[in-house]
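Peer 1: Following is a predicted model, sequence given first.
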Amino acid sequence: WQGTLYSMVVFGATMVVMFWASVFLYTSFYFTYMPQESITWPIHFQYNACEDRPGICTNPEAIISVTDPARGTLLARGQKYRVVVDLEMPESTTNQRLGNEPQPFSSGMFLVSMDMRSHGGESLRQASRSTMLRYKSSLLQTISTMAFAPFFLYGVQEEKQMVTVELFSQYEEDPVTPLSEVYVRLATKHVELYGAQLRIHAVFSGLRYLMYHYPLTAAALGIGICMVFLSAVVIFSWYQFSGSAGKQLGG
Amino acid sequence: WQGTLYSMVVFGATMVVMFWASVFLYTSFYFTYMPQESITWPIHFQYNACEDRPGICTNPEAIISVTDPARGTLLARGQKYRVVVDLEMPESTTNQRLGNEPQPFSSGMFLVSMDMRSHGGESLRQASRSTMLRYKSSLLQTISTMAFAPFFLYGVQEEKQMVTVELFSQYEEDPVTPLSEVYVRLATKHVELYGAQLRIHAVFSGLRYLMYHYPLTAAALGIGICMVFLSAVVIFSWYQFSGSAGKQLGG
Amino acid sequence: WQGTLYSMVVFGATMVVMFWASVFLYTSFYFTYMPQESITWPIHFQYNACEDRPGICTNPEAIISVTDPARGTLLARGQKYRVVVDLEMPESTTNQRLGNEPQPFSSGMFLVSMDMRSHGGESLRQASRSTMLRYKSSLLQTISTMAFAPFFLYGVQEEKQMVTVELFSQYEEDPVTPLSEVYVRLATKHVELYGAQLRIHAVFSGLRYLMYHYPLTAAALGIGICMVFLSAVVIFSWYQFSGSAGKQLGG
């Protein structure tokens, strides 16, 4: 009877220890294996103002340093990334090309160019994507301003649009020449921006996809697998121990 | 009595095995014989912005690589394809040519040109098609904006049109010089686009037409034909087997 | 009995003295350790008026001396600061770029440049950030003016905006070359300002964050820790004193 009680206490304690050991193992694996899902940097565009008239006379451009002083590169190896630029643009007359007589039909499209550069300044990959403010007819704008006037007056909403441009959908880092800085350029001088940011998102696939999108299921599975392996070790030790213990009790 | 039962069990098992073998045969045939119905690529137009005024000063053009790194060409031999370009155009003043005094009557038509090129850059086939935004009178636009205002305000709908241009209706690949890249060009500088895509659709005829448009009928027919052929083989074997079995039983 | 009363009086007096000593110690520590959270200087821009036409013909610039005659530098060592410029801009036609015919589409963005300089005039760090007046459509402006007219008439509110530009988010002083003056420049000649100010905010972290954002908790903790240390000293003295006092009473 005492032997049974003793065995049960040992069994219970072993289960608890094994469970927490599995949780610890899975958690360590998770944080080692999973890269950061999303990283964001502000883009501070630089340009020259015109000498003799209002407006800007060079294309806005910016260089963003995307390395971490402590860790070096921020991108994981063998992981695909989606690189996106967000432009916060007011729905202003300049952005909407609402000017009248001299050029009634000027296209509001402009190109956003990106150049991914290594530490030495070497260009790794380039992309150039066309974008423009979403069009609203003047009637729709009037209706919209009327309908949302209280929000506009109290600053809850603003007459602006968030324009998102996808530059790369499947950017994968080459481990030999890691990404160090990103050069962004807007190929227009007739644009107004409140701000801009660069976003890099990890596109998870396979095991990472499962671990990111179904964290509870993946955790349960991972902890279960750890426990099975630990159990195998423990049961082997247990049989050896209880066998020798039985011999000693019966001897 | 035992012989009859034995025969029935064997007959039933043979039927089940034959049925699944037919399904497997038909499915393999289907995926081998039927090419991918539709392939889509985004078109990223490139152009130069004007130096001294807003708008764009070269015609938008793009090169789309239509090969697959693993499989090479994506088009099946002897299959006819329909090649289409979709332009997502806002119903903006620029696209609608609503400017007033200097050019009151300018046509909104423009040409979309396509050049199918082989790996060496050689031009295989060319086409150029005219298109334009569907016209809406200002009264109709007012009514439309009023009627759908709630949808516009909440971003469910947008003031845009999807303009589809068919460049080739019967494009068939020459196996000697397979298609490698597609060059697309818009012959206008006064256009605004949110985005564009290239679509290639397989135009099925004959057996493929039947298999694509009536998949259930074709599957039933195909599986039936397979079973008839398999039955012929099995009945032949059965007679031989039951004959020798009967001889053994009666012997 | 007299001995007990005497002990209680001494104990009470010691507690009060210890409490106030702790309060004094914590307060001294607080004001020694915590840098000033926010320092503000007015920016007085200088520029040249045009000779032959209205307007200004040089970019507005200003030098702000940020040292204290008594204490020298105002920034604490090892403390990170956020450096911000506030521009008080009227919503005027000049600031909103509402000009018509010659350049209907000029961008209202402009750069604010800052140069942190040491005593010898050496440039320590530079930054340049783009900013612009928040856009309001003419309809929204009309509604806003109508709605707030009474406030505008009595001068409670004004048709102006406070534009805040963050130049540095993590400025840390180098103790060898302390900051002496700040040079600010607006890279545009087509701007109107009522006034401007330079703000430097300490970004607290760790102990300072706790002491700044939870002053009562931090004070209670700090005074408590002081009292524990003082108690240790006092109890040690007390035991020695009461032991020798008991010996004297009993002797």
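Peer 2: Here it is on my side, so go on.
Peer 1: helices and strands around the helix ranked longest in chain A, which ones?
Peer 2: Taking DSSP state H as the criterion, chain A has its longest helix at helix A:215-250. On a contact count with 3 or more C-beta pairs under 8 Å, 6 or more residues apart in numbering or on different chains; DSSP states H and E, helix A:215-250 meets helix A:2-33, helix A:207-213. From N, CA and C alone the C-beta is placed, and that goes for glycine too.
Peer 1: can you do 6 Å?
Peer 2: helix A:2-33 (3 or more C-beta pairs under 6 Å, 6 or more residues apart in numbering or on different chains; DSSP states H and E).
Peer 1: and the next element down the chain from the helix it packs on?
Peer 2: strand A:38-42 (DSSP states H and E).
Peer 1: is chain C contacted by the following helix or strand past that next one?
Peer 2: For strand A:38-42, the following helix or strand on the C-terminal side (DSSP H and E) is strand A:61-65. No - applying C-beta under 6 Å from any C-beta of the partner chain, one finds strand A:61-65 separated from chain C by no less than 9.2 Å.
Peer 1: what's the average pLDDT for strand A:61-65?
Peer 2: Averaging pLDDT along strand A:61-65 yields 93.
Peer 1: buried set for the helix or strand that that strand is followed by?
Peer 2: Using DSSP H and E, the helix or strand that follows strand A:61-65 in sequence is strand A:80-90. Of the residues in strand A:80-90, A:80-87, A:89-90 count as buried by neighbour count, 16 or more other C-beta atoms under 10 Å in any protein chain shown.
Peer 1: For chain B, see how far away the residue of the stretch 151-251 of chain A found nearest chain C is.
Peer 2: At 4.6 Å from chain C, A:His190 is the closest residue in the stretch 151-251 of chain A, using C-beta to the nearest C-beta. When C-beta to the nearest C-beta, to the nearest Å is the yardstick, A:His190 and chain B sit 4 Å from each other.
Peer 1: Likewise for A:Tyr212?
Peer 2: Applying C-beta to the nearest C-beta to A:Tyr212 and chain B gives a distance of 25 Å.
Peer 1: again with A:Ser144
Peer 2: A:Ser144 is 6 Å from chain B, by C-beta to the nearest C-beta.
Peer 1: Surely that residue forms part of a strand?
Peer 2: No - counting by DSSP: H, G, I helix; E, B strand; the rest coil, A:Ser144 falls outside a strand, being helix.
Peer 1: Pick out the residue nearest the middle of chain A.
Peer 2: A:Ser38 (1.5 Å; C-alpha atoms, centre = their mean).
Peer 1: That one is in contact with A:Ala202, isn't it?
Peer 2: No - taking C-beta atoms under 6 Å as the definition, A:Ser38 is not a contact partner of A:Ala202, at 7.3 Å.
Peer 1: Quickly list what the residue lying closest to A:Thr188 once chain neighbours are set aside is bridged to.
Peer 2: Distances taken as C-beta to C-beta, 6 or more residues apart in numbering or on different chains put A:Phe110 closest to A:Thr188, at 3.7 Å, once the chain neighbours are dropped. Beta bridges link A:Phe110 to A:Thr131 when assigned by DSSP bridges.
Peer 1: Tally up the residues packed near A:Phe110, please.
Peer 2: 23 (other C-beta atoms under 10 Å in any protein chain shown).
Peer 1: Distance of it relative to chain C?
Peer 2: On the measure of C-beta to the nearest C-beta, A:Phe110 and chain C end up 12 Å apart.
Peer 1: Name the SS class of A:Ile200, please.
Peer 2: Taking three-state DSSP, the label given to A:Ile200 is strand.
Peer 1: Quick check: it vs A:Pro42, distance?
Peer 2: 13 Å (C-beta to C-beta, to the nearest Å).
Peer 1: These two - which one has more neighbours?
Peer 2: Neighbour count, other C-beta under 10 Å: between A:Ile200 and A:Pro42, A:Ile200 has more, with 21 against 13.
Peer 1: so who does the more buried one touch?
Peer 2: Contacts for A:Ile200 (C-beta atoms under 6 Å, 6 or more residues apart in numbering or on different chains) come out as A:39, A:81, A:83.
Peer 1: what's the closest of those to A:Thr217?
Peer 2: Taking C-beta to C-beta as the measure, A:Thr217 lies nearest A:Tyr81 of the contacts of A:Ile200, at 24.8 Å.
Peer 1: Which residue is the nearest non-sequential neighbour of that closest one?
Peer 2: A:Tyr171 (4.5 Å).
Peer 1: Which pLDDT value goes with the residue nearest to the centre of chain A?
Peer 2: 88.
Peer 1: what's the neighbour count on the nearest residue to it once chain neighbours are set aside?
Peer 2: Computed as C-beta to C-beta, 6+ apart, the closest residue to A:Ser38 that is not its neighbour in sequence is A:His201, at 5.0 Å. Look at A:His201: counted by other C-beta under 10 Å, it has 17 neighbours.
Peer 1: and the helix or strand of chain A with the lowest mean pLDDT with helix A:2-33, angle?
Peer 2: Ranked by mean pLDDT, DSSP states H and E, the helix or strand of chain A with the weakest confidence is helix A:215-250, at a mean of 79. Going by axes from the mean of the first three to the mean of the last three C-alpha atoms, to 10 degrees, helix A:215-250 is angled at 150 degrees with respect to helix A:2-33.
Peer 1: Which helix or which strand is home to A:Gln197?
Peer 2: Short version: A:Gln197 belongs to strand A:195-203, going by DSSP H and E.
Peer 1: Can you pull the residues of chain A lying near chain B?
Peer 2: A:97, A:103-109, A:128-130, A:135, A:137, A:139-140, A:143-144, A:187-188, A:190.
Peer 1: Please tell me the pLDDT value assigned to the nearest residue to A:Tyr212 once chain neighbours are set aside.
Peer 2: Excluding its sequence neighbours, the residue lying closest to A:Tyr212 (C-beta to C-beta, 6+ apart) is A:Phe204, at 4.8 Å. Per-residue confidence (pLDDT) for A:Phe204: 89.
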